[in-house]
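A.B. asks: return a 3D structure for these sequence lines:
(chains A and B)
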Amino acid sequence: MNFKKQLKEGLLTQNPVLVQLLGMCSTMAITTSLSNGLGMGVSVLIILTLSNIIISALRKIIPDKIRIAAYVVVIAGFVTMVDLLLQAYLEDIAESLGVFIPLIVVNCIILARAESFASKNGVLASAVDGITQGIGYTLVLVVMSVIREFLGSGTFGSGVLNGGAGIRLFPEEYGALMLILPVGGFLTLGCLIALMQWAMGKRKGGK
Amino acid sequence: MSGTKNLSPDTAYILRLALTLLAITAVTALLLGLVNYITSPIIEARNLEKQQEAMAAVLPADSYEAVEGFVPTGQVTALYEAVTGGQVSGYVAEVTSNGFGGAMSVTVGINAAGAVSGVVVTGHEETPNVGSRVVDSPEVLAQFIGLTGTITVNTGENKIDAVSGATVSTNGVTDAVNAALAAAAPYLG
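C.D. replies: Numbers count the residues shown, from 1 in each chain, chains lettered A, B, ... in the order given. Okay, here's the model as predicted:
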């Protein structure tokens, strides 16, 4: 099944964050609480899927020489729409993600998928690619958010569970503040990439 | 090149590039206009509601009206008269100030006696658990209530205490309150 293969690529072997190392800026900056990670991940998933569909549908109309300009217009259009809709209907998420929603325009994941996948494949395959890559991105963001939120502020699921306060696992003053700061993003991501490489190497060796 | 027999192939190609891009841009702009048409009233209402909430929190009054002839200064972006029972009961200032992480928006209420009646930080980019302990803490911001003139941090007669480790954030809020007091001073009898 093609979908299965694409899902495996998106989640593991071609994971946009852990393997392709794309979209680092937002990954570092916003993964401080579960609601942020989930909000950003789902926003990217939606924009990536929509822009993949449109770019794939237009791939025979768009001349090669202006393709990047055309992609950027399509992506920027979707990002602005999502930004406006978030501000109108999900204001809390829009506020905590702030400038990182407009910055999805320059998130390499979306342009990279447009260039390397959607411009060469059919609409359905591109839609599936957008969804699977988006899930891969969201998953990493959620994992990073949970780790950083737990170690940094001692809560789980703030902004989502327990009426927005999150479940407190240990008192806030014992949290390692460093993990909430950008440096914690680098440390967490580094550990996750190392873990990923180790796990993939082990699987290869076992075969 | 059918239909473009008067044009050289190069010109036709360039035209095709430009027209394709134009079409994509036009469709995108149209859709964006549509989304904006739907969302902008909601966003505006939300912002107005938030502004009213902040004003009611710092200085409760029946209504708030923009002060006539007030010219925004570098920091104070808007100044409102709080009206209670037909009488001006004080002023509310919206101030932008610099914190540790960037700009912060502060709403300051000043009562008829010229003293601070409340301070609310409506937007900020302070470090979580450090600067946010200043701007999100009603207890810390309550230190300003009742103060007049120029407020200093930690030293002097007319002072508030900085939150340890977050002096820059405390200074940012204090700057905002001082700017608000200075802006409202000419209007206070």
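
A.B. asks: okay, CA-based contacts and neighbour counts for the rest of this
C.D. replies: Will do.

A.B. asks: my guess is B:L17 is in a strand, correct?
C.D. replies: No - counting by DSSP: H, G, I helix; E, B strand; the rest coil, B:L17 is not part of a strand but helix.

A.B. asks: which bits of chain B sit near chain A?
C.D. replies: Within chain B, the positions near chain A by Cα under 8 Å from any Cα of the partner chain are B:17, B:20-21, B:24-25, B:28-29, B:32, B:35-36, B:39-40, B:42-43, B:46, B:127-129.

A.B. asks: let's go with 7 Å and repeat that
C.D. replies: B:L17, B:T20, B:L21, B:I24, B:T25, B:T28, B:L32, B:V35, B:N36, B:T39, B:I42, B:I43 (Cα under 7 Å from any Cα of the partner chain).

A.B. asks: so what's the last one up against?
C.D. replies: Under the criterion of Cα atoms under 7 Å, 6 or more residues apart in numbering or on different chains, the contact list for B:I43 reads A:Q87, A:A88.

A.B. asks: immediately after the helix or strand encompassing it, which helix or strand?
C.D. replies: B:I43 is located in helix B:9-58, with elements delineated by DSSP states H and E. Next helix or strand after helix B:9-58 toward the C-terminus (DSSP H and E): strand B:63-66.

A.B. asks: now do that next one: everything it contacts.
C.D. replies: Contacts for strand B:63-66 (Cα under 7 Å, 6+ apart): B:L79, B:Y80, B:E81, B:A82, B:V83, B:T84.

A.B. asks: buried residues in the very next helix or strand once past it?
C.D. replies: Toward the C-terminus, strand B:63-66 is succeeded by strand B:76-84 as the next helix or strand (DSSP H and E). For strand B:76-84, the neighbour count (16 or more other Cα atoms under 10 Å in any protein chain shown) marks B:V76, B:A78, B:L79, B:Y80, B:E81, B:A82, B:V83 as buried.

A.B. asks: helices or strands next to strand B:76-84 in the packing?
C.D. replies: Using 3 or more Cα pairs under 7 Å, 6 or more residues apart in numbering or on different chains; DSSP states H and E as the contact criterion, the elements in contact with strand B:76-84 are strand B:63-66, strand B:87-98.

A.B. asks: those into CSV, with extra columns for mean neighbour count?
C.D. replies: Shown next, in CSV, are the helices and strands packed on strand B:76-84 (neighbours: other Cα atoms under 10 Å in any protein chain shown):
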stretch, mean neighbour count
strand B:63-66, 16
strand B:87-98, 24
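
A.B. asks: CSV for those, including mean pLDDT?
C.D. replies: Formatted as CSV, those follow (pLDDT from 0 to 100):
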stretch, mean pLDDT
strand B:63-66, 84
strand B:87-98, 88
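
A.B. asks: among these, which is nearest A:K120?
C.D. replies: With Cα to Cα, the closest approach to A:K120 among the helices and strands packed on strand B:76-84 belongs to strand B:87-98: 48.2 Å.

A.B. asks: and the helix or strand following that closest one, how far from the chain's centre?
C.D. replies: Toward the C-terminus, strand B:87-98 is succeeded by strand B:103-111 as the next helix or strand (DSSP H and E). Relative to its parent chain, strand B:103-111 has a centroid offset of 9 Å by Cα atoms, centre = their mean, to the nearest Å.

A.B. asks: what's the answer for stretch A:132-149, then?
C.D. replies: The chain centroid and the centroid of stretch A:132-149 are separated by 7 Å under Cα atoms, centre = their mean.

A.B. asks: and chain B, is it touching that?
C.D. replies: No - using Cα under 7 Å from any Cα, stretch A:132-149 stays clear of chain B, with a minimum separation of 11.1 Å.

A.B. asks: please work out the average pLDDT along that stretch.
C.D. replies: Across stretch A:132-149, pLDDT averages out at 91.

A.B. asks: redo the buried residues of strand B:76-84 as TSV? Include pLDDT.
C.D. replies: Shown next, in TSV, are those (pLDDT from 0 to 100):
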residue	pLDDT
B:V76	87
B:A78	86
B:L79	88
B:Y80	89
B:E81	87
B:A82	87
B:V83	86
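
A.B. asks: how many neighbouring residues does the residue of chain A found nearest chain B have?
C.D. replies: Closest residue of chain A to chain B, Cα to the nearest Cα: A:A88 (5.0 Å). Residues near A:A88, counting by other Cα atoms under 10 Å in any protein chain shown, number 20.

A.B. asks: correct me, but it touches B:T39?
C.D. replies: Yes - with contacts counted by Cα atoms under 7 Å, A:A88 reaches B:T39, the gap being 5.7 Å.

A.B. asks: and the helix holding B:I43, how far from the chain's centre?
C.D. replies: Worked out by Cα atoms, centre = their mean, helix B:9-58 lies 22 Å from the chain centre.

A.B. asks: one more: stretch A:102-111?
C.D. replies: On the basis of Cα atoms, centre = their mean, stretch A:102-111 sits 10 Å off its chain's mean C-alpha point.

A.B. asks: that stretch spans what distance, first to last residue?
C.D. replies: Using Cα to Cα, to the nearest Å, the end-to-end distance of stretch A:102-111 comes to 14 Å.

A.B. asks: what sits up against it?
C.D. replies: A:P16, A:L22, A:G23, A:L48, A:I75, A:A76, A:V79, A:T80, A:D83.
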